[in-house]
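*Asks:* Fold the following, please.
(one chain, ligands or ions: 1)
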Amino acid sequence: MTYNEEDYLQLSGIQHFAFCPRQWALIYIEQQWKENIYTYMGQELHEKAHAAGAEKRGDVIVTRAVPLASKTLGLYGVADVVEFHRTDGPGVKLDRRAGRWLPLPVEYKLGSPKPTNCDKLQLCAQAICLEEQFNVTINIGYIYYGRPRRRLEVELDRSLRNETYAVAEAMHAAFAVGKTPKAEVTKSCAKCSLVDVCVPHLFERRPVQRYLRSALTKGSWGDGIEEAP
Ligand code: SF4
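*Replies:* Here you go, the predicted structure:
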């Protein structure tokens, strides 16, 4: 399946969608965005990653702020960093550089590796874009985490690729529907930059019996109105 360019969605949304479809919808459908300390520091890190131009380090050429697009994912965006590694195998030719070079995506993240695949999905989507743009196969990419400072090599295997396509497809379907899903309270809400906009606890369903029991044991209906969590 391929998408028309006018239907492309932002690649960075894939991590938001995997983190929480409601957060993605609030940002990309309702155009709401709120800064918190995590988003602010994350932007600083990305700006640093984009700051310098291309540079050569031995057999690696580091390029920054690389435009990306994939017609099979229907996504577009910008890679923080793409490293071109000199290779004896299949690769691309670069202007004024001898030999062949394999592009590998490097994504910068403020925090530490997450228990979910959010960051890996974003990286994999970037790799798929590069594969289409340069007509190469990319088996690995890197995520640079700020806490602790380390670079994680990520294998872009079939399972991760399938998940990336599935999430991208779900994003397109959700965008076509154009509705923001209801909140589901998870541990992620505590670090969510949109928690004040989302107010997820308003969506929590409390059994009527629990509410009534609470109200009765407190002695009056007024006292029984539970405080907001
Ligand atoms: S507060 Fe929770 S439910 Fe709401 S958008 Fe954020 S992660 Fe999703």
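*Asks:* need the strands for this protein, in chain order.
*Replies:* Secondary structure of the chain, counting by DSSP state E: strands at 9-10, 55-57, 60-70, 75-87, 100-109, 140-146, 149-155.
*Asks:* most packed of the ones you listed?
*Replies:* Greatest average neighbour count among these goes to strand 100-109 (a mean of 22), per mean count of other CB atoms under 10 Å. Placement of C-beta: from N, CA and C, glycine included.
*Asks:* List every C-alpha atom in that one, with coordinates, as PDB.
*Replies:* Extracted in PDB, the C-alpha atoms of strand 100-109 (Å, rounded to 0.1, in the frame of the first residue of the first chain):
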ATOM      1  CA  ARG A 100      29.800   3.700  -0.900                       C
ATOM      2  CA  TRP A 101      28.000   4.700   2.300                       C
ATOM      3  CA  LEU A 102      25.200   3.200   4.300                       C
ATOM      4  CA  PRO A 103      22.800   5.700   6.000                       C
ATOM      5  CA  LEU A 104      21.900   4.800   9.600                       C
ATOM      6  CA  PRO A 105      19.300   6.900  11.600                       C
ATOM      7  CA  VAL A 106      20.200   8.300  15.100                       C
ATOM      8  CA  GLU A 107      17.400   9.600  17.300                       C
ATOM      9  CA  TYR A 108      18.100  11.700  20.300                       C
ATOM     10  CA  LYS A 109      16.000  11.300  23.500                       C
END
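*Asks:* tell me what it is packed against?
*Replies:* helix 37-51, strand 75-87, helix 118-134, strand 140-146 (3 or more CB pairs under 8 Å, 6 or more residues apart in numbering; DSSP states H and E).
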